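Engineer: next come a sequence and a model predicted from it.
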Amino acid sequence: KFASTRGKAAAAAAEQEEEEEEARSVLRWRLTRNYRFMLDGGFRAFPDAQHLIVLEDDLELAPDALDYFAGAAALMDRDPTVFCASGYNDNGFAGFVRDPSRIYRGEHFMALGWMTSRRIYEQEVAPHWHMDQIWDVSFYLQMRGRECVFPEFPRTRHAGHTGASALTTTASAQYSWFDHIRLLSDDDGGGGWLTAQSWEEATAEG
């Protein structure tokens with residue numbers, strides 16, 4: 001009797017896991033096609049734009065977020081080692097961020113409020129788009145030793161606890177991580193945080 005019960009429980013757990021994996025697969029499929037549609041459409045709708053900022057609808061923005069991305073766009077244009085720019089900092093927790101003028105460089109592709117250039121997307125990413133992978137894989141595979149810039153003090157913060165990623169993480173897990181990210185605000189000095197020196201220090205040496 002007990003063996004039969006355990007067998008039924010194992011079968012039910014396996015069936016549930018299969019259903020959850022199928023749901024994740026459908027999610028990846030939809031997200032990948034949605035991002036491709038959005039990126040193609042964005043550059044097509046604004047033919048003179050040389051950069052595209054991608055913002056999810058549950059992101060909060062710092063007061064100077066657009067100024068940050070404008071500075072990052074100029075850096076991308078003059079520094080070929082910069083692949084993308086993100087307004088987010090994975091480690092931008094309250095108590096750990098201090099300098100609103102500091103810009104870092106990282107070796108991984110960062111979303112949650114990010115920017116690409118027309119040249120990189122149309123010439124490098126789009127021709128090698130992987131429809132069978134989650135959308136950001138297509139960007140990551142084209143980095144090829146280049147880096148993304150991001151601020152010490154986050155200019156974007158994820159405010160939602162539901163949505164696509166809810167299939168892979170719980171709302172409580174998202175809360176415990178994202179709600180402790182310290183978004184830059186007007187209380188942190190009144191603006192004018194980013195200077196020419198900020199971007200000069202983020203430029204690759206040599």
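Structural biologist: That came through, no problem. Numbering: from 1, shown residues only.

Engineer: pLDDT weak spots in this protein?
Structural biologist: By pLDDT under 70, the low-scoring segments of the chain are 1-9, 11-13, 15-21, 23, 160-177, 190, 205-206.

Engineer: can you map out the strands along it?
Structural biologist: Along the chain, counting by DSSP state E, strands occupy 51-54, 59-61, 82-86, 103-106, 114-117, 147-151, 156-158.

Engineer: using TSV, lay out the ones you listed together with mean neighbour count.
Structural biologist: (Glycine included, C-beta is placed from N, CA and C.) Converted to TSV, these look like this (neighbours: other Cβ atoms under 10 Å):
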stretch	mean neighbour count
strand 51-54	19
strand 59-61	18
strand 82-86	25
strand 103-106	17
strand 114-117	22
strand 147-151	26
strand 156-158	25
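
Engineer: which of these sits closest to residue 181?
Structural biologist: Set against residue 181 and scored by Cβ to Cβ, the strands of the chain come closest in strand 156-158, at 4.9 Å.

Engineer: can you tell me what sits against the closest one?
Structural biologist: 55-56, 58-62, 65, 86-88, 112-113, 174, 178, 181, 183 (Cβ atoms under 8 Å, 6 or more residues apart in numbering).

Engineer: note down every partner strand of that strand and its orientation.
Structural biologist: strand 59-61 (antiparallel) (DSSP bridges).

Engineer: show me what the strand it pairs with is in contact with.
Structural biologist: Against strand 59-61 from outside (Cβ under 8 Å, 6+ apart): 55, 87, 112, 113, 155, 156, 157, 158, 159, 183.

Engineer: swap in 7 Å and give it another go.
Structural biologist: Strand 59-61 is contacted by residues 112, 113, 155, 156, 157, 158, 159, 183 when judged by Cβ atoms under 7 Å, 6 or more residues apart in numbering.

Engineer: over to stretch 178-186?
Structural biologist: Counting by Cβ under 7 Å, 6+ apart, 60, 62-63, 92-94, 97, 100, 153-155, 157-158 sit against stretch 178-186.

Engineer: centre of the chain versus that stretch, how much separation?
Structural biologist: Counting by Cα atoms, centre = their mean, to the nearest Å, stretch 178-186 is centred 16 Å from the centre of its parent chain.

Engineer: with stretch 193-206 instead?
Structural biologist: 22 Å.

Engineer: restricting to C-alpha, output that stretch in CSV.
Structural biologist: Only the C-alpha atoms of stretch 193-206 are listed here, as CSV (Å, rounded to 0.1, in the frame of the first residue of the first chain):
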residue,chain,number,x,y,z
TRP,A,193,25.6,63.3,-10.7
LEU,A,194,27.1,62.2,-14.0
THR,A,195,30.0,64.2,-15.3
ALA,A,196,32.4,64.0,-18.2
GLN,A,197,34.8,62.4,-15.9
SER,A,198,32.3,59.7,-15.1
TRP,A,199,32.2,58.6,-18.7
GLU,A,200,35.9,59.2,-19.3
GLU,A,201,36.7,56.7,-16.4
ALA,A,202,34.3,54.2,-18.0
THR,A,203,36.2,54.3,-21.4
ALA,A,204,38.5,51.4,-22.0
GLU,A,205,42.1,52.3,-21.7
GLY,A,206,44.2,52.3,-24.8
